[in-house]
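Visitor: Need a 3D model of the following:
(one chain, ligands or ions: 1)
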Amino acid sequence: IDLTTTLNKLHFKTPLMNAAGVHCATTTELDDLLDSQAGGLVTKSATLQPRTGNPDPRYANLPFGSINSMGLPNQGLDYYLNYANATALTHPDFPILLSLAGQSLAENLQMLERIQASAFSGLTELNLSCPNVPGKPQIGYDFDQMKTILTAVFQTFNQPLGIKLPPYFDLAQFDLVADILNQFPLAFINTINSVGNGLFINLETETTVIKPKGGFGGIGGSYVKPVALANVRAFRQRLNPAIQIIGTGGVVSGGDLFELILCGADVVQIGTTLAQEGTPAFGRILTELERIMAQKGYATLADFRGNLKTL
Ligand SMILES: O=C(O)c1[nH]c(=O)[nH]c(=O)c1Cl
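Guide: Sure thing, here's the model as predicted:
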């Protein structure tokens, strides 16, 4: 069974990695990912300066997933850029993605220029979908702003770039967003980010379970798998084949991983499952995938990628 895949020109030994924001904020967490069966890693979405983020409790595990309103806590771009450049020396073939979530176009352009001026040779993921910075609407739902940002970004940045998208729930929106994205030389899209502004209640105490934003937060885990499958499938059907797809959302088992690849994903990320189970989740899920592939007679991921059949 060959589990290898590629994203842009980066070679992944396995198609599974962490989702930005989970187990990737400090060098300790990032080194943990290096030593796991993950095929690559992505760093916590960075701003130019460090941020402490929202007040605790800002994350909670739920019966079928998670809710979070972290508020973009991170060590600042240079911390992650330095980590990426140091790791490229010790692990030259391990794919590293840098995630950026600047709070203005100017900040994003500044960060991209800093990356471009450095020795970084990995992939950059521009997060257009953070749902938890109070007062900041999601770029991913403002199509004019998305177009403006992508136009400016591609005039500035000549390294491979992908974007992290929020979930969409309307077929006309898939058409509209895909039409915008097809105008740009994107290396990939990553879909989906958490399903924004859900609410979970502690029935006993009659309270919310997280503090920020009155308890509203991004939903992840099994709750969102049907939304992730649909977004990967819809964009695979609509995007220029040169734009690859990272599939994220609701992956708990090897079957879930198989399904996202069947919808067209080239690489798959786990967030909630990694937060709850730790890095052993990578090996468990990959072993389950291998078993399913063997049962079905598939030797490589390309044997079934994107081959979802309709009735
Ligand atoms: O609150 C966060 O830090 C956060 N939380 C998410 O669920 N997705 C994001 O993109 C971000 Cl940036």
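Visitor: switch to C-alpha atoms for all contacts and neighbour counts from now on
Guide: OK.
Visitor: chain center to the longest helix belonging to the chain: distance?
Guide: Longest helix in the chain by number of residues (criterion: DSSP state H): helix 280-296. Put simply, helix 280-296 sits 21 Å off its chain's centre (CA atoms, centre = their mean, to the nearest Å).
Visitor: Likewise for stretch 77-85?
Guide: Mean-position distance between stretch 77-85 and its chain equals 18 Å (CA atoms, centre = their mean).
Visitor: Check what contacts that stretch and list those residues.
Guide: 27, 43, 46-50, 96, 98, 100, 111, 115, 119-120 (CA atoms under 8 Å, 6 or more residues apart in numbering).
Visitor: Would you indicate which residues of whatever helix or strand Leu176 lives in are buried?
Guide: Element membership of Leu176 [criterion: DSSP states H and E] is helix 171-181. Within helix 171-181, the residues that count as buried by 16 or more other CA atoms under 10 Å are 174, 177-178, 181.
Visitor: picking up where we left off before, of the contacts of stretch 77-85, grab the buried ones for PyMOL.
Guide: Selection of buried members from the contacts of stretch 77-85 for PyMOL, criterion 16+ other CA under 10 Å:
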select buried, resi 43+46+47+48+96+98+100+111+115+120
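Visitor: Among the contacts of stretch 77-85, which ones are in strands?
Guide: Counting by DSSP state E, those place 96, 98, 100 in strands.
Visitor: Quick check, the first one in contact with Ala86.
Guide: No - taking contacts as CA atoms under 8 Å, Ile96 lies outside contact range of Ala86: 11.2 Å.
Visitor: The stretch 201-311 of the chain: helices as residue ranges?
Guide: Ranges of helices in the stretch 201-311 of the chain, per DSSP state H, counting those that start in this stretch, are 225-238, 254-262, 272-277, 280-296.
Visitor: Just send those back as TSV, with mean pLDDT, distance to the ligand and mean neighbour count too.
Guide: Listed next are those as TSV, based on pLDDT from 0 to 100; distance: least, CA to the nearest ligand atom, whole Å; neighbours: other CA atoms under 10 Å:
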stretch	mean pLDDT	distance to the ligand	mean neighbour count
helix 225-238	99	14	21
helix 254-262	99	19	23
helix 272-277	98	10	19
helix 280-296	98	20	17
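Visitor: Can you tell me which of these is nearest to Pro92?
Guide: Closest to Pro92 of the helices of the stretch 201-311 of the chain, according to CA to CA: helix 280-296, at 20.9 Å.
Visitor: follow-up on the earlier one: from the contacts of stretch 77-85, which shows the smallest pLDDT?
Guide: Checking pLDDT across those, the minimum falls on Ala119 at 93.
Visitor: for the buried residues of helix 171-181, which one is nearest Leu10?
Guide: Distance to Leu10 across the buried residues of helix 171-181 (CA to CA) is lowest for Leu181, with 21.6 Å.
Visitor: Not counting its neighbours along the chain, what's nearest the closest one?
Guide: By the measure of CA to CA, 6 or more residues apart in numbering, the closest residue to Leu181 outside its immediate chain neighbours is Leu239, 7.5 Å from it.
Visitor: try Gly122
Guide: Ile96 (5.3 Å).
Visitor: swap in Leu199?
Guide: Once flanking residues are discounted, Leu199 sits nearest to Phe216: 5.0 Å by CA to CA, 6+ apart.
Visitor: Run a quick check on the one you found versus Ile201, I expect a contact.
Guide: No - assessed by CA under 8 Å, Phe216 is found out of contact with Ile201, at 10.2 Å.
Visitor: quick one: which of these two has more around it?
Guide: More crowded of Phe216 and Ile201, by other CA atoms under 10 Å: Phe216, with 22 against 12.
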